[in-house]
Structure formats: structure tokens, C-alpha cells
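Undergrad: Predicted structure and sequence below. I'll ask about it afterward.
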Amino acid sequence: MAKILIVDDEVGIRELLSEILRDEGHDIILAENAGAARAARNAARPDLVLLDIWMPDTDGVSLLKEWSANGQLTMPVVMMSGHGTIDTAVEATRIGAMEFLEKPIALQKLLAAVKRGLSRIKPAHAPSPLGLAAFSRSAPLRDLRKRLEQMADKSRIILLRVGPGSLAELCARSLQRVGTPWLDLSLSSLPIELNVLEGARNGVLYVPELIYLSRPQQKNLVFAMDRLERHGQTLVVATEHRPEELVEHGWEERALARLFEVSLAPPALGEIRDEIPEIASQILLHFVEAGEVPARRLSSAALNALRNQGWPGGYGELKAAIKSLALGTLEEEIGMDEVAHLLVKTPPAALGLPLDLPLREAREIFERLYFEHHLQIDGGNMTRLAEKTGLERTHLYRKLKQLGISVGRRHEESSS
């Protein structure tokens, strides 16, 4: 029969529901609070969850939101409460709960709800991309999410002022509602058509770095910006450059004035170092749920090593590292040795990197050495280079061109 997870802080209710459902032939897993429920959900992959709303550590609705945000709401959930309100029931249903049972629960209502829930089990599908809501136990990320949502409530355009260690993509994904489109305006230089914008209705339009947009792409952005209200869209753009620098790269001042009207400077990964273990764990869990990597977990030592890493490439670099670790390790637990092997550092002096230059010039030299190194060890394979760097292919080609690194026919062939 089915595996059913019962989450309730009252031992008597857990035992009663467990006895009833075991008599029906089901396998039962018990959890007394949200923390135990998280662990049981990850370990057992239940077919259905009976979830109490009022619990001492984290309430059931918040746990439901967390599962929805990080792609773990892959099973039917029936909410339970002895003193719930209509508003709570409506909110739980909106988030993804199947139905709401009021305590004390009548036997026939319980069995009928379980039967309906198990009949609705669907084939596994790719979970939604991670947003900030997945990191509900991180105070800085909760605060960041609230600021973003507050801005998005009053403005359809949000500019993220970022630098090395950027969380731009994670921020933008947080404003994408479940089931709505995502359109990266930096991926095509062809004139954008109205039917493309219409297809992204109620979704998020995104640009990871303004300075890399070509003139046609800038025109596409302005075209889309003029129609945000009509299509119910939110535009999120990021840049580490000032408006005057963007003007030097061909941007019109009037367009920049609109883009910079509402802006936010999210923290870089280096500024929230203590949150990296939580972020890394959720990224890995998301990859596992999506079927992109085998079932893996990060050891405490591995998480600490990730915490101490610089991550100048930000969220994209961390995500690429986690995926590489999960695919490359032979054990279920990813240990310190695997992390050390992946993140092995070469001293700047060994690279011949001058440290007495202005930051921008030194960074350009480092980036050129970095990309040339990986192009060499990967035989020019652009797909692997994109995965390692966490850059989209279009951005990667543009970055290599900017650094004067030739990507010829051999590289094109080896990436196919």
C-alpha cells in the first residue's frame, strides 16, 4: 500500500491516526514537529502527508510553503487543525494542500480524504526553480524576500545592484509565481515579437547583466518595458555598473532612468557566509528532487568547506559546484575530500597574477587566465565550461569575446 507521513505534535492523535491507517494496510511514518517532518519527507518520500497546522517550532502552513518553494510538494497534503479558520484553509489550499480536515476527525472523513489523495498521485515532474522562499530558516534571506516582494507590489521594474557573489537569479526567481513563465531577454538578439511577450504573460522578464546587452537587445528590453502593465509582467534586471558606465556602452539615458528608478542591493554570498550551508543543502535537494543527480547529502565538513569558499561567481557558481559534486562523488554522502578536490586553489603568484594593479584590471587578467585554463583542460568544450562557470552560453560567448579569447571552429565542434 501507500507510505503516509503523519505530522502532529500531539502524541495521542499521531497514535490514533497511525493505528487506523495501519489497519488499512498503509506504511506509516510519524513526525512530532516540522523539523522531524522535513527529515522524514527527505528520507522516506511519502505518497501522502497528513499535516497539522499548529505546531511548536514551525506551523504547518509555513512548512507547506517551504515544500512548495523548494520543489518538494510532489505528494498530496491534507491539512489538519482543531481550531483552523476559513482564511487558513483557503491559504493552505492556494499553496497546494489537497484539502482541510477539522479535528476531531471522523473516521469516514479521514479514510475518504486519504483515498482521494492517493488517487491524485501524479507522475514525477521537474520542480519549479528555487526561490528565496525555499530558505525559510535563513533570517537574511527571509528579509531579502520580503523587501523584494514589497517592491514588486508597487513597481513592475526592479533593478538589482550586484557585484561578485551575486544572488541576482535567486532574487528574480523569487518573484516568479508557480506555473508562470520566465523569459531571459539576454538570450536572443532577434527583434522580440508581441506573441513572445504574450506567451510570457504574468511571468518574470530577466536580464542578468545590463552591460552585456547588445544594441538590439537593449531595444528589446525597452520594447518589453513599455508593455509590462499590459501583460502583467515583472522585469528584474541586474548590473554591477553605474548608469554613466552603461551610457558609455550605448545605453540611452532615458531608458536607464526608468531602470534605476527602483533598485535594491542584495547581499553577496560572501556577506551571508553563514547561510551558505543552508543554501547548498537546498540546492542539492532540489537537484535530487528534479532527478538531475543521484540521491546525495553533504557532510557537515563539506558544508563548512563550502561556507569558507569565496564564490565570486555567486549563486550560479555555487549551484554548478553542487551539481558537479553530486555527479562526481561515488558515495551517498559528499565529504570534505570531494569538496577540497573540486575547489582546489592555486596561489595567485603561481598564476602570475599581479596584485598591484587596479581591481578592474587585475580582475580582467584573472578572468582571462581562468577561462583559458578551463578551455584547455576541457578541450574547448563550451557546454562543460558553461556548467563550471554557471554562465548561460550566450553570456559565456560574450564574456570570452570581451576578454579577447578566441572561440573558433574547434571549440564549436567540441561542444556539440
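TA: Received the coordinates, thanks.
Undergrad: Show me the chain divided up by domain.
TA: 3-119, 132-264, 346-416 (automatic domain parsing).
Undergrad: Out of those domains, which gets nearest to His286?
TA: domain 3-119 (5.2 Å; C-beta to C-beta). Where you see a C-beta, it was placed from the backbone N, CA and C, and this is true even at glycine.
Undergrad: Now the closest one: average pLDDT?
TA: The pLDDT scores in domain 3-119 average 90.
Undergrad: Kindly report the same for stretch 172-184.
TA: The model assigns stretch 172-184 a mean pLDDT of 91.
Undergrad: how long is that stretch end to end?
TA: Taking C-alpha to C-alpha, to the nearest Å, the first and last residues of stretch 172-184 lie 11 Å apart.
Undergrad: Show me how far it is from its chain's centre.
TA: 11 Å (C-alpha atoms, centre = their mean, to the nearest Å).
Undergrad: And the strands in the stretch 151-300 of the chain?
TA: Ranges of strands in the stretch 151-300 of the chain, per DSSP state E, counting those that start in this stretch, are 157-161, 182-184, 204-207, 234-239, 263-264, 297-298.
Undergrad: Can you lay out those strands as JSON lines showing mean neighbour count?
TA: Formatted as JSON lines, the strands of the stretch 151-300 of the chain follow (neighbours: other C-beta atoms under 10 Å):
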{"stretch": "strand 157-161", "mean neighbour count": "21"}
{"stretch": "strand 182-184", "mean neighbour count": "16"}
{"stretch": "strand 204-207", "mean neighbour count": "25"}
{"stretch": "strand 234-239", "mean neighbour count": "24"}
{"stretch": "strand 263-264", "mean neighbour count": "16"}
{"stretch": "strand 297-298", "mean neighbour count": "22"}
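Undergrad: To Glu361, which of those strands lies closest?
TA: strand 234-239 (19.9 Å).
Undergrad: Which strands and helices lie in contact with the closest one?
TA: The contact analysis (3 or more C-beta pairs under 8 Å, 6 or more residues apart in numbering; DSSP states H and E) places strand 234-239 against strand 157-161, helix 168-174, strand 204-207, helix 215-225.
Undergrad: what's the third one in contact with?
TA: Residues external to strand 204-207 that are found in contact with it (C-beta atoms under 8 Å, 6 or more residues apart in numbering): 169, 172-173, 175-176, 180-186, 213, 221, 224, 228, 233-238.
Undergrad: average pLDDT for that strand?
TA: pLDDT averaged over strand 204-207 gives 97.
Undergrad: Off-centre distance for that strand?
TA: On C-alpha atoms, centre = their mean, the centre of strand 204-207 falls 15 Å from the chain's centre.
Undergrad: repeat for the first one
TA: For strand 157-161, the distance between its averaged C-alpha position and the chain's averaged C-alpha position is 18 Å (C-alpha atoms, centre = their mean).
Undergrad: now swap in the longest one and tell me
TA: Taking C-alpha atoms, centre = their mean, one finds helix 215-225 lying 26 Å from the centre of the chain it belongs to.
Undergrad: for stretch 390-406, same thing?
TA: Worked out by C-alpha atoms, centre = their mean, stretch 390-406 lies 23 Å from the chain centre.
Undergrad: Show me what counts as buried in that stretch.
TA: Buried positions in stretch 390-406, judged by neighbour count with 16 or more other C-beta atoms under 10 Å: Gly390, Leu391, Glu392, Thr394, His395, Leu396, Tyr397, Arg398, Lys399, Leu400.
Undergrad: how about those in TSV, adding pLDDT?
TA: As requested, the buried residues of stretch 390-406 are exported to TSV (pLDDT from 0 to 100):
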residue	pLDDT
Gly390	79
Leu391	83
Glu392	79
Thr394	79
His395	81
Leu396	84
Tyr397	82
Arg398	82
Lys399	84
Leu400	85
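Undergrad: Brilliant, that's me finished.
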